[in-house]
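K.L.:
make a model of this:
(one chain, ligands or ions: 1)
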Amino acid sequence: MNAPNKSGWKPEMGAAGETGARPMTSSGDAGLALEEPLIFELGGFGKCGVDFDSEPGEISPALAKFARSAPVDLPGLTEPETVRHYTRLSRQNYAIDLGPFPLGSCTMKHNPRLNEAMARLPGFADIHPLQPMDTVQGAFEVIEQLADWLCKLTGMEAVAMSPKAGAHGELCGILAMRAALEARGDAREVILVPESAHGTNPATAAFAGYRVENIPATKDGRVDLDALKSRLGPDVAGVMITNPNTCGLFEREMKAISDAVHAAGGLVYCDGANFNAIVGKVRPGDLGIDAMHINLHKTFSTPHGGGGPGSGPVVLSARLAPFAPIPFVRRDEKGRLRLIEERGAKEHLPQTFGRMTAFHGQMGMFTRALTYILSHGVDGLRQVAEDAVLNANYVLRSLEDVLDAPFAHAGPCMHEALFSDDDLPEGFSTLDIAKGLIDEGFHPMTVYFPLVVHGAMLIEPTETESKAGLDRFIGSMRSLAERAQAKDESLKTAPHYAPRRRLDETRAARKPVLVYKGEGVPPGEPSLSEIGGS
Ligand SMILES: *Cc1c(COP(=O)(O)O)cnc(C)c1O
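P.N.:
Prediction:
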């Protein structure tokens, strides 16, 4: 690929950290990169951010036995100390509002501020799920309109709005499949999951009580249709297929897969988390899919990754619509919208499999997602998909000469570009590139997933990154690949400029110390500096 994304790094420039450890400062801060103790280490007792009117009076004898005998173990901070503590912590964080989040499969895109303005309108923000239905007709209208859009965009019959995330939606879809199979007296035991599926798919099938069997991928990263067909039979309840899949490829034979599964009496679940690549272009209903979750927090730009709750509505085919969960919104004969709960549900949906959540789902996310849809329209949504795919292909083609791109020969990718560690020299790994990206000011990409590729690096730029932004990212990636080729040892100890150095990830995952005990780290547990804090 040509010029604009050339790396600025040259071997004689040296690398981050090559000059040795940074000199210690007395404060622990490094320039404006701020260190911050735990709030318990900061807080003195007896300090407080608010003034109380008076000393507490006498405790009534009846309540005396509840009187506190020891001080409550809470840190005491003044208001400015509290504000600074959290602001300093927030500066150690990374966010979509700071820079790109190239995590593959996560669709970390910009959250338009218009969505936020709509979600904060008091008529949406200040309502309560137990309010009388006549007082929340506008909220029901949002749910109804969004549901209608989701059905139209996917070409499906019905949608269950209540699931609260993608994985929750998967469970909803599988439970609807199970209810449909049981209703015809044919429960079945096995769910087939291709190697190119997301990890939540086999987890969901197992959680719902199915035995999971793998279907291999072809060498161009797609489902092996012949292997799938030969495994189909009367014990197979259905398949769970991620499309576009986790190699960033569209399963071109999806219709043939659905037809084969249906012919064998099974049902088809599609993981629609990657819908961003095909929204407005393909209707999953036309591909024979029976159930698919949509991550509103991915395709429809509602915040996620620490920024907000997920939302995972599940669209259902005519076969599965009768088994959808309660509650759902329906219009009554007087034109008013009603939330159909247990009572009344039987007459509307006698075969419902039951309930997934206490209320109707993530109202704030519905408002944001509908705002996003209305502000784009069908043409705009189609352009979202096209630009997301264009950006991913730009990344793929700009890096394939410095990193192995295992499926680049198979044609353009969809929403994400996949690389392996094959071209990295001995002793350098995917992890080194990911940690190096932190020093470059980027959140790392998804690493070591999907498992079909060794040392996978999965990059999803999304459509909300500009070409200039992509060039910056590509320049950093090229620089890191070149440093690895030049066997720059400092890459192996990156990050050098982050608040923390490289952690012992195994120990941090297997032996996390999550509770502050007051006297420092409990005996026998690794201290922060042992797991890599420095
Ligand atoms: C994100 C994702 C999921 C899970 O969605 P959550 O909302 O995180 O539960 C499932 N499958 C794929 C392909 C995903 O990218």
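
K.L.:
quick one: residue 406 and residue 418 touch, right?
P.N.:
Yes - using C-beta atoms under 8 Å, residue 406 makes contact with residue 418 at a distance of 6.6 Å. C-beta coordinates here come from the backbone N, C-alpha and C atoms, glycine included.

K.L.:
between those two, what contacts are shared?
P.N.:
221, 453 (C-beta atoms under 8 Å, 6 or more residues apart in numbering).

K.L.:
of these two, who's got more company?
P.N.:
residue 418 (30 against 18; other C-beta atoms under 10 Å).

K.L.:
pLDDT score for the more buried one?
P.N.:
Residue 418 carries a pLDDT score of 97 in this model.

K.L.:
what strand or helix carries it?
P.N.:
strand 417-419 (DSSP states H and E).

K.L.:
now do residue 366
P.N.:
Assigned by DSSP H and E, residue 366 falls in helix 363-399.

K.L.:
do any residues in that helix lie close to the ligand?
P.N.:
No - Helix 363-399 is not in contact with the ligand by C-beta under 6 Å from any ligand atom; minimum separation 11.0 Å.

K.L.:
do stretch 281-293 as well
P.N.:
No - between stretch 281-293 and the ligand, judged by C-beta under 6 Å from any ligand atom, nothing touches; the nearest distance is 7.5 Å.

K.L.:
buried sites along that stretch?
P.N.:
Neighbour-count burial for stretch 281-293 flags 282, 283, 284, 285, 287, 288, 289, 290, 291, 292, 293 (criterion: 16 or more other C-beta atoms under 10 Å).

K.L.:
I figured the last one hits residue 312, correct?
P.N.:
I take that to be residue 293. Yes - contact criterion C-beta under 8 Å: residue 293 and residue 312 qualify, at 4.6 Å.

K.L.:
mutual contacts of these two, please.
P.N.:
Joint contacts of residue 293 and residue 312 (C-beta under 8 Å, 6+ apart) are 163, 166, 169, 170, 172.

K.L.:
so what's the residue positioned nearest the centre of the chain up against?
P.N.:
With distances taken as C-alpha atoms, centre = their mean, residue 106 lies nearest the centre of the chain, 4.4 Å away. Going by C-beta under 8 Å, 6+ apart, residue 106 touches 298, 304, 305, 446, 460.

K.L.:
just put these in TSV and tack on distance to residue 227 and secondary structure.
P.N.:
Listed next are the contacts of residue 106 as TSV, based on distance: C-beta to C-beta, whole Å; DSSP: H, G, I helix; E, B strand; the rest coil:
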residue	distance to residue 227	secondary structure
298	29	coil
304	34	coil
305	35	coil
446	26	strand
460	28	coil
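
K.L.:
looking at the residues you listed, which is nearest residue 32?
P.N.:
Closest to residue 32 out of these is residue 305 (24.6 Å), distances taken as C-beta to C-beta.

K.L.:
for the closest one, what are its contacts?
P.N.:
Here residue 305 is in contact with 96, 101, 106, 108 (C-beta under 8 Å, 6+ apart).

K.L.:
need the helices for the chain, in chain order.
P.N.:
With DSSP state H as the criterion, the chain has helices at 39-42, 79-90, 113-119, 122-125, 137-154, 166-183, 200-207, 225-231, 254-263, 342-348, 363-399, 430-439, 467-485, 505-510.

K.L.:
how about whichever residue of the stretch 301-450 of the chain sits closest to the ligand, nearest residue that isn't a chain neighbour?
P.N.:
Closest approach between the stretch 301-450 of the chain and the ligand, counting by C-beta to the nearest ligand atom: residue 310, at 4.2 Å. Among residues not flanking residue 310 along the chain, residue 165 sits closest, at 3.4 Å (C-beta to C-beta, 6 or more residues apart in numbering).

K.L.:
and the pLDDT for the one you found?
P.N.:
pLDDT at residue 165 comes out at 95.

K.L.:
and for it, the neighbour number?
P.N.:
Residue 165, neighbours per other C-beta under 10 Å, totals 20.

K.L.:
what does residue 329 give?
P.N.:
Neighbours of residue 329 using other C-beta under 10 Å come to 19.

K.L.:
in this structure it contacts residue 340, no?
P.N.:
Yes - counting by C-beta under 8 Å, a contact exists between residue 329 and residue 340, whose distance comes to 7.4 Å.

K.L.:
now residue 289: how far from residue 395?
P.N.:
Distance, residue 289 to residue 395, by C-beta to C-beta, to the nearest Å: 28 Å.

K.L.:
re the thing from before, would you mark the buried spots in the helix holding residue 366?
P.N.:
Applying 16+ other C-beta under 10 Å to helix 363-399 flags 363-373, 376, 381, 383-385, 388-389, 391-399 as buried.

K.L.:
quick one: mean pLDDT over that helix.
P.N.:
Per-residue scores along helix 363-399 average to 98.

K.L.:
in this structure residue 239 contacts residue 260, no?
P.N.:
No - shown here, residue 239 and residue 260 do not form a contact pair, counting by C-beta under 8 Å, at 9.2 Å.

K.L.:
which residues are common contacts for those two?
P.N.:
With C-beta under 8 Å, 6+ apart as the test, residue 239 and residue 260 both reach residue 228.

K.L.:
tell me the domain ranges of this structure?
P.N.:
Following automatic domain parsing, the chain resolves into domains at 1-34+100-104+416-502, 37-52+73-90, 115-369, 505-534.

K.L.:
so which of these is the most packed in?
P.N.:
domain 115-369 (a mean of 20; mean count of other C-beta atoms under 10 Å).

K.L.:
any idea how far that one is from the middle of the chain?
P.N.:
Chain-centre distance of domain 115-369: 16 Å, with C-alpha atoms, centre = their mean, to the nearest Å.

K.L.:
separation between the residue of the stretch 301-450 of the chain closest to the ligand and residue 262?
P.N.:
Relative to residue 262, and taking C-beta to C-beta, residue 310 is found at 30 Å.
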